[in-house]
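Participant: generate coordinates for the sequence data below:
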Amino acid sequence: MNSDLENLIISSDKQILILSAGMQRSGSTWLYNATRLLLMNSPFTREISSFGWIGDLSKLPQKRIMLIKIHDFNENLVRLDLPKIILYSYRDVRDALASSKRKWNQEPSLELADKLIQNDHQWRRYADFIMRYESMISDQYTTLTELAGILKINNADIQEIISQIEALRYENAGNKNSLYHMENLLHQGHITDGRHGSWKGFLDDKLLDQIERKHHEWFLRNNYPV
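Facilitator: Model (predicted):
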């Protein structure tokens, strides 16, 4: 892993893979768009960058830098013999489950919590940058500044990029399918409830107890009260 993007471009003629990974409903689309807009606002990377969702990979223009958004851990991608930078976002898994219920009507379950936390463990092993959802929500400026620092994209206008992120919508001009905008990857009604503790009223007490007991160490390690 090497998060110095300029050095990767200069030192190798290989394609560079940036994986914007993230727990579902953890601000992963924010992280993807923050990275995309940093690339697009830099004259050094603007013309050599392509980006999109992992499921659309075969349709994306092949450029020197490929920024790909992904959720589930993919060992084949991680082990590709290419220079790569791996970014990862996470959230209190209880809130992630509640958000998926609100947005997709995906029923919360212990099995789904297990999957999210297993993915979390795997991505963290390789991540060059880890974004805590709650920290991003409370201070986008610091999060974006840290991301720009990791990528070594200097002289970025952080406040302007935050404004650009805030203007993103599914309805923006550009290619889109029935589910999401092909460039910014936002869905209609993408954001549901960004509060910590939004699981209250969405997770029943029995399930909540099962998740907190089984993954007690994960909650403590990430400073989520249980």
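Participant: which helices and strands sit right next to the helix or strand containing S99?
Facilitator: Per DSSP states H and E, S99 falls inside helix 93-104. The criterion is 3 or more C-beta pairs under 8 Å, 6 or more residues apart in numbering; DSSP states H and E, and the helices and strands that helix 93-104 contacts are helix 110-126, helix 205-214. The C-beta positions use only the backbone N, C-alpha and C, and glycine is treated the same way.
Participant: list the contacts of that helix.
Facilitator: For helix 93-104, the surrounding residues in contact (C-beta atoms under 8 Å, 6 or more residues apart in numbering) are 23-26, 91, 106-108, 112-113, 116-117, 120, 133, 187, 189-190, 192-193, 195-199, 202-203, 208, 211, 215, 218, 224.
Participant: can you turn the buried part of those into a PyMOL selection?
Facilitator: A single PyMOL command selects the buried members of the contacts of helix 93-104 (16 or more other C-beta atoms under 10 Å):
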select buried, resi 23+24+25+26+91+108+112+113+116+117+120+133+190+196+198+199+202+203+208+211+215+218+224
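Participant: now, which of the contacts of helix 93-104 lie within helices?
Facilitator: Within those, residues falling in helices by DSSP state H are L112, A113, L116, I117, D120, Y133, L208, I211, W218.
Participant: quick one: these as JSON lines, columns for distance to A34 and pLDDT too.
Facilitator: Formatted as JSON lines, the ones in helices among the contacts of helix 93-104 follow (distance: C-beta to C-beta, whole Å; pLDDT from 0 to 100):
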{"residue": "L112", "distance to A34": "26", "pLDDT": "96"}
{"residue": "A113", "distance to A34": "27", "pLDDT": "96"}
{"residue": "L116", "distance to A34": "22", "pLDDT": "97"}
{"residue": "I117", "distance to A34": "24", "pLDDT": "98"}
{"residue": "D120", "distance to A34": "20", "pLDDT": "98"}
{"residue": "Y133", "distance to A34": "13", "pLDDT": "95"}
{"residue": "L208", "distance to A34": "31", "pLDDT": "94"}
{"residue": "I211", "distance to A34": "29", "pLDDT": "97"}
{"residue": "W218", "distance to A34": "25", "pLDDT": "98"}
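Participant: nearest to E6 among the residues you listed?
Facilitator: Lowest distance from E6 to the ones in helices among the contacts of helix 93-104 (C-beta to C-beta) belongs to Y133, with 28.3 Å.
Participant: who's in contact with the nearest residue to the closest one once chain neighbours are set aside?
Facilitator: With sequence-adjacent residues excluded and distances taken as C-beta to C-beta, 6 or more residues apart in numbering, Y133 is closest to R91, at 3.7 Å. Neighbouring residues of R91 by C-beta under 8 Å, 6+ apart: M23, R25, S26, G27, S99, R132, Y133, E134.
Participant: then I130?
Facilitator: Y88, S89, Y90, R124.
Participant: next up, the contacts around the third one.
Facilitator: So that's Y90. Contacts for Y90 (C-beta under 8 Å, 6+ apart) come out as G22, M23, S26, D120, I130, M131, R132, Y133, N222.
Participant: okay, these in TSV with distance to L179 next?
Facilitator: What follows is the contacts of Y90, written out as TSV (distance: C-beta to C-beta, whole Å):
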residue	distance to L179
G22	17
M23	19
S26	19
D120	25
I130	27
M131	24
R132	27
Y133	22
N222	30
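Participant: and those, which is closest to G174?
Facilitator: Set against G174, the nearest of the contacts of Y90 by C-beta to C-beta is G22 (21.9 Å).
Participant: I'm done for today, thanks for sticking with me.
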